[in-house]
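In: 3D, please:
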Amino acid sequence: MDDPELGKKLKKAEGLENSLRQAGLRDDEIRKLRGDHDRTGDQWQRAAKALEQSFRKSIKKSLHPAATRFALHNAANPREFAYRYEYFKAVYDERVRLLKAASFPKTTLFQAAAKDILEMDVHARLEADVRVVRELRSQPSILNPWLQEGDKEQEIRNIADGIDMGHEISAAYHARKHYDELPEEEQRGDVIREYFASAERTVREGVLAKREAVEGGEKLHLARAVVDGDEKRYLRSIVLAKDDGRVIMLTYGETDNPETIAAVDQAEAQQRSLRSTARLQQSAEATDPHLADDSPRHAPETPSAPAPNPARATGADAPPKHSVPNFARTAGASPPKGVPGDKHGGPSDGGSHRGRGPTDGPSNSPGPRRP
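Out: Predicted coordinates:
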């Protein structure tokens, strides 16, 4: 029986190899790039996914070969080739956005961006970006893999400023690709640093919209809403907590996922409700100051008889036979149940007034014997 999934992977591998040939690579160069990796394996399939991000037809003839040669340069494996190709494409897309923002004529916009990229030293730009990534995320993030769910989530938030993206070139690519999705107030021109700062904020403060078990670990989807002018958008970070304790941010950027949006909106609604309740409470306290003061002096006082002196106790003032010794309540022990009909028996909260602790009273010890 044919395996449909295997058939899809073989088709993707064939498409990748044809695309590489169109870029000018010879079959021996393609075999060298693939190395010992299987055509249906993760590495070759990752390269196929990268080249699916094709350029516009009008510029593909010039930019696809340039991007392929750029990606091939010093690529240690097909996955790194994929990261480098995606980085080149992200730099081109970034150039298109900048020209569009400058009101460049649309008829020649893409050709002008392509010309700029071909004249640019993309290698130098990547090296500069990688230096910043290494500065910001010099060590891999590790957490205790045996943490419980709630503790694991909190620890991920605690180490948000150190979570890397697994590979420095992948991090540079994601920053270039998603930087314009950050709110305007978080964009000041320092692409790599500001991208990671925004991601850190989302991981630390965002709503946990989803958790999903995956092979070798668990993914946590953390998100927050941002507002630019009248536009409300949603940013999401997907963090992978691996079974061995390694923590990696797989991606960060704008999302339109309905489940994520619903989770963020629900959390915001709950926060609004809490703030509304707090405002009503403050308003009530302003009207009646007694509501804001929980001190014992505002509790109703109940007259109580002076406690008898155990050393001089008589039959009239000695403690009832079934009374509960206060030392047991003070120590936190559970007092014995009272005898039915005995007003002194049964559990006690140690006093009838808020803010007052257990009252010191007589013990069950009888007084001195009379001669």
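In: three-state assignment of residue 218?
Out: Classification of residue 218 using DSSP: H, G, I helix; E, B strand; the rest coil returns strand.
In: Mind listing the residues bridging to it?
Out: Beta-bridge partners for residue 218, by DSSP bridges, are residue 213, residue 241.
In: how about it, what does it touch?
Out: 152, 211, 212, 240, 241 (CB atoms under 8 Å, 6 or more residues apart in numbering). For glycine as for every other residue, the C-beta is placed from the backbone atoms N, C-alpha and C.
In: okay if I get those residues as CSV plus pLDDT?
Out: What follows is the contacts of residue 218, written out as CSV (pLDDT from 0 to 100):
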residue, pLDDT
152, 94
211, 96
212, 96
240, 97
241, 97
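In: out of these, who's nearest residue 67?
Out: residue 240 (27.5 Å; CB to CB).
In: That closest one - nearest residue in space that isn't next to it in sequence?
Out: residue 248 (4.8 Å; CB to CB, 6 or more residues apart in numbering).
In: ok, then the element right after the helix or strand encompassing that neighbour?
Out: Residue 248 is located in strand 246-254, with elements delineated by DSSP states H and E. Past strand 246-254, further along toward the C-terminus, the next helix or strand under DSSP H and E is helix 258-287.
In: sorry, back to before: out of the contacts of residue 218, which is most surrounded?
Out: Among the contacts of residue 218, the one with the most neighbours (other CB atoms under 10 Å) is residue 241, at 24 neighbours.
In: Give me the below-cutoff pLDDT ranges for this structure.
Out: 1, 291-371 (pLDDT under 70).
In: where do the helices sit along it?
Out: Assigned by DSSP state H, the chain shows helices spanning 4-22, 27-34, 42-51, 57-72, 78-101, 109-119, 122-136, 149-158, 168-178, 191-205, 258-287, 326-330.
In: okay, the angle between the fourth one and helix 4-22?
Out: Note on geometry: by axes from the mean of the first three to the mean of the last three CA atoms, to 10 degrees, helix 57-72 and helix 4-22 are set 100 degrees apart in direction.
In: mind listing what's buried in helix 57-72?
Out: Using 16 or more other CB atoms under 10 Å as the test for burial, helix 57-72 gives 59, 63, 64, 66, 67, 68, 70, 71, 72.
In: Check which residues of stretch 112-119 are buried.
Out: Buried residues in stretch 112-119 (16+ other CB under 10 Å): 113, 114, 117.
In: hmm, I was thinking of stretch 45-52
Out: So for stretch 45-52, counting by 16+ other CB under 10 Å, buried means 45, 46, 47, 48, 50, 51.
In: and the residue nearest to the spatial centre of the chain, what does it touch?
Out: The structure's the chain has its C-alpha centroid closest to residue 203; by CA atoms, centre = their mean the separation is 3.2 Å. When contacts are counted by CB under 8 Å, 6+ apart, residue 203 touches 156, 157, 160, 163, 222, 237, 239, 249.
In: try 6 Å this time
Out: Residue 203 sits next to 160, 222, 237 when contact means CB atoms under 6 Å, 6 or more residues apart in numbering.
In: now the helices of the chain in TSV, with distance to residue 218?
Out: What follows is the helices of the chain, written out as TSV (distance: least, CB to CB, whole Å):
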stretch	distance to residue 218
helix 4-22	24
helix 27-34	31
helix 42-51	19
helix 57-72	31
helix 78-101	22
helix 109-119	39
helix 122-136	25
helix 149-158	8
helix 168-178	20
helix 191-205	15
helix 258-287	16
helix 326-330	47
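In: Out of those, which gets nearest to residue 230?
Out: Using CB to CB, those put helix 258-287 closest to residue 230, at 16.7 Å.
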